[in-house]
Each structure stands twice: as C-alpha cells, then as structure tokens.
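1. With the input below, show me the fold.
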Amino acid sequence: MFFTLLAGFFEPLITGGSGDGVIGGVVVLFVGLIGGILLYKYTTSENRRILYFIGGFSLIAISLALIFQITGRV
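-> Numbering: from 1, shown residues only. A predicted model of the protein is given here:
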C-alpha cells in the first residue's frame, strides 16, 4: 500500500496532470483492503462471523462499483 500511495502522489507531479483520479484509486484500494481484512476475520473469528462476512463482501462490492464508476462503464 505504501508504494501505491507513493506512486500515486508522484504521478501527477511528473505528468503534470490532476490528482483526482489518483485519490479515487487510492480510496478504491483502501475500501477493497478493508473488505478483504473483514473476510479474513470472518474465517478466524468465533463470534460475529456473519457481521464480518456481510461487511467484507459489501465493502468489496462497493469497491467494484467505484471501479466501474471511475472507468466510466456505468
């Protein structure tokens, strides 16, 4: 994640473009990462399993929807 943030920070400076797409991309990565962490907690947890399961897949679905929105396919 660190190198993604670092590359995203320097890309607009090097190319002279705006950083709007970079911010959206980093948000998508963080939402997907949190969803993956919740799914991992679902497999290792004894209690609140259904909450982790629903939360994890919901965040991954939100991340996918944001990807489609950023690319202009929706």
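2. Please enumerate the helices of this structure.
-> Assigned by DSSP state H, the chain shows helices spanning 2-15, 20-44, 49-71.
3. possible to save these as a markdown table with mean neighbour count and mean pLDDT?
-> The way it works is simple: take the backbone N, C-alpha and C, and place the C-beta from them, glycine included. Shown next, in a markdown table, are these (neighbours: other CB atoms under 10 Å; pLDDT from 0 to 100):
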| stretch | mean neighbour count | mean pLDDT |
| --- | --- | --- |
| helix 2-15 | 11 | 77 |
| helix 20-44 | 15 | 90 |
| helix 49-71 | 15 | 95 |
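4. So which residue is dead centre in the protein?
-> The chain has Leu29 as the residue nearest its centroid, 2.6 Å off, counting by CA atoms, centre = their mean.
5. That one and Glu46: what is the separation?
-> From Leu29 over to Glu46 the distance is 29 Å, taken as CB to CB, to the nearest Å.
6. what do you get for Ala65?
-> Distance, Ala65 to Glu46, by CB to CB: 31 Å.
7. what's in contact with stretch 28-38?
-> 1, 4, 52-53, 55-60, 62-63, 66-67, 70 (CB atoms under 8 Å, 6 or more residues apart in numbering).
8. contacting residues around Val22?
-> Gly8, Phe9, Glu11, Pro12.
9. Pick the one among these closest to Ile23.
-> Using CB to CB, Gly8 is the member of the contacts of Val22 that sits closest to Ile23, with 7.9 Å.
10. Can you tell me the closest non-neighbouring residue to the closest one?
-> Leaving aside its sequence neighbours, Gly8 sits nearest to Val22 (CB to CB, 6 or more residues apart in numbering; 4.1 Å).
11. Distance of the one you found relative to Phe68?
-> According to CB to CB, Val22 stands 18 Å off from Phe68.
12. what's the answer for Arg49, then?
-> Counting by CB to CB, the separation of Arg49 from Phe68 is 29 Å.
13. per-residue confidence at the residue sitting furthest away from the middle of the chain?
-> Centroid-distance maximum for the chain: Glu46 at 25.9 Å, with CA atoms, centre = their mean. With respect to pLDDT, Glu46 has a value of 89.
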